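S.K.: Predicted coordinates and the sequence they were generated for:
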Amino acid sequence: MRLPFTLLGAASLLALTAHGQSIDAQKVTFDYVRLPLIPVPAGSHSYQAEVVLRYEEAVKQQKADHLSAVAEAKIKAEKDKQEYKAYHSKTKRLIAWFWTSGSLAQP
């Protein structure tokens, strides 16, 4: 009794995995390390790479702009939080006054 169920389970698993295989040809791209165009002299054992960025000042300016934007956002968030607290407490007092005065309780 168990053998047919086992065979059926194995066949269904094989069918699912066979159906899941992709037989379409796919183009694969890859990157590789390219050797320097000018050979390094044979006597050199170590070297130091120097990177010169033409846009270094622009990056520094972007970082400064980002920091100032973050500071402004924090100030605005704090101000909005204070305004919300003031509005919320005012609304709470107004609702409490309406309920205690009976204007909302009576039709």
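M.R.: Received, thanks.

S.K.: The strand or helix carrying residue 68: how far from the chain's middle?
M.R.: For residue 68, the host element (DSSP states H and E) is helix 56-101. Distance of helix 56-101 from its chain centroid, counting by C-alpha atoms, centre = their mean, to the nearest Å, is 24 Å.

S.K.: With stretch 42-52 instead?
M.R.: The chain centroid and the centroid of stretch 42-52 are separated by 37 Å, computed with C-alpha atoms, centre = their mean.

S.K.: tell me which residues in it are buried?
M.R.: By 16 or more other C-beta atoms under 10 Å, stretch 42-52 has no buried positions at all. In this view, the C-beta of every residue, glycine as well, is placed from N, C-alpha and C.

S.K.: Identify all contacting residues around that stretch.
M.R.: Residues outside stretch 42-52 that contact it (C-beta atoms under 8 Å, 6 or more residues apart in numbering) are residue 40.

S.K.: got the end-to-end distance for it?
M.R.: Using C-alpha to C-alpha, to the nearest Å, one end of stretch 42-52 lies 26 Å from the other.

S.K.: do stretch 26-33 as well
M.R.: Terminal residues of stretch 26-33 are spaced 23 Å apart (C-alpha to C-alpha).

S.K.: Quick one: mean pLDDT over it.
M.R.: Per-residue pLDDT values over stretch 26-33 give a mean of 83.
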